[in-house]
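[1] What follows is a predicted structure for the sequence shown.
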Amino acid sequence: LDLSALHNPDPERLPEFWSSVQQVFIDLYGSRLATIAAIEGHAPAAGCMLAMSCDYRIMGTSAATGEKSGKIGMNETLLGLAAPPWMGKLMVRTIGNRATEKSLALGTLYSPEEALRIGLVDEVVSQDKVIIRARKEATKWAGIHPQGRVTSKLLTRKEHIDELLINRKEDMKQFCAM
């Protein structure tokens with residue numbers, strides 16, 4: 001994704017950009033593969049959406065070293081924007097209605113520990129262990145019979161993917177009008 005497309009956006013290119021954002025979500029959220037997010041730094045806005053689209057989310061913390069850790073969340077309101085409905089609904093499915101309501105309204109970016117507490121990430125590990133831990137988790141998920149895993153995954157996700165597919169043009173129109 002070329003995020004520079006959002007800074008002084010070219011009205012001719014904006015629909016193409018937004019279509020690619022929608023498609024990345026559809027492909028990742030509906031992937032037949034097990035997907036593990038290894039979050040080693042900041043994951044605001046679309047980065048948070050990418051993480052929430054994965055089956056399992058591991059975020060690194062630098063708390064033990066005293067350095068600042070990355071933050072994660074949907075901070076669009078701090079930029080004067082609103083998260084698109086499908087991203088907001090993704091967050092509701094991830095952390096619940098009330099937590100999402102507050103998070104979206106305030107543009108909250110969470111520390112790894114806060115993100116774990118509200119269910120935005122599944123696990124927090126030392127910054128230097130994120131990739132190692134993600135590989136172990138991926139191996140675990142890969143060990144599950146694909147037919148059962150994929151069927152179960154799509155049981156909970158297909159209606160949400162279908163909703164975006166049905167409303168894709170309207171979503172693009174709303175986004176490009178901002």
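    Received it, and whenever you're ready, just let me know what you need. Residues are numbered from 1 along each chain as shown.

[2] Point out where the protein drops to low pLDDT.
    1-7 (pLDDT under 70).

[3] can you do 80?
    Using pLDDT under 80 as the threshold, the predicted model of the chain has low-confidence ranges 1-9, 63-66, 178.

[4] now the strands for it?
    With DSSP state E, the ranges of strands along the chain come out as 36-39, 43-44, 56-61, 72-73, 123-126.

[5] what about those, which gets the closest to residue 169?
    strand 43-44 (26.7 Å; C-beta to C-beta). Heads up, the C-betas are built off the backbone N, CA and C, glycines and all.

[6] Out of the strands of the chain, which is closest to residue 172?
    Nearest to residue 172 among those is strand 43-44; the distance by C-beta to C-beta comes to 21.9 Å.

[7] Which secondary structure elements does that closest one sit against?
    Applying 3 or more C-beta pairs under 8 Å, 6 or more residues apart in numbering; DSSP states H and E, one finds that strand 43-44 contacts strand 72-73.

[8] Can you give the contact residues for the strand it packs on?
    Judged by C-beta atoms under 8 Å, 6 or more residues apart in numbering, the contacts made with strand 72-73 from elsewhere in the structure are 39, 42-44, 47-48, 51, 59, 103, 107-110, 112, 115, 120-121.

[9] Repeat the analysis, applying 10 Å as the threshold.
    Taking contacts as C-beta atoms under 10 Å, 6 or more residues apart in numbering, the residues outside strand 72-73 that touch it are 37, 39, 41-45, 47-48, 51-52, 57, 59, 91, 95, 103-104, 106-112, 114-115, 118, 120-121.

[10] Make a markdown table out of the strands of the chain and add mean neighbour count and distance to residue 84.
    Listed next are these as a markdown table, based on neighbours: other C-beta atoms under 10 Å; distance: least, C-beta to C-beta, whole Å:
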| stretch | mean neighbour count | distance to residue 84 |
| --- | --- | --- |
| strand 36-39 | 23 | 20 |
| strand 43-44 | 22 | 15 |
| strand 56-61 | 24 | 20 |
| strand 72-73 | 27 | 15 |
| strand 123-126 | 17 | 27 |
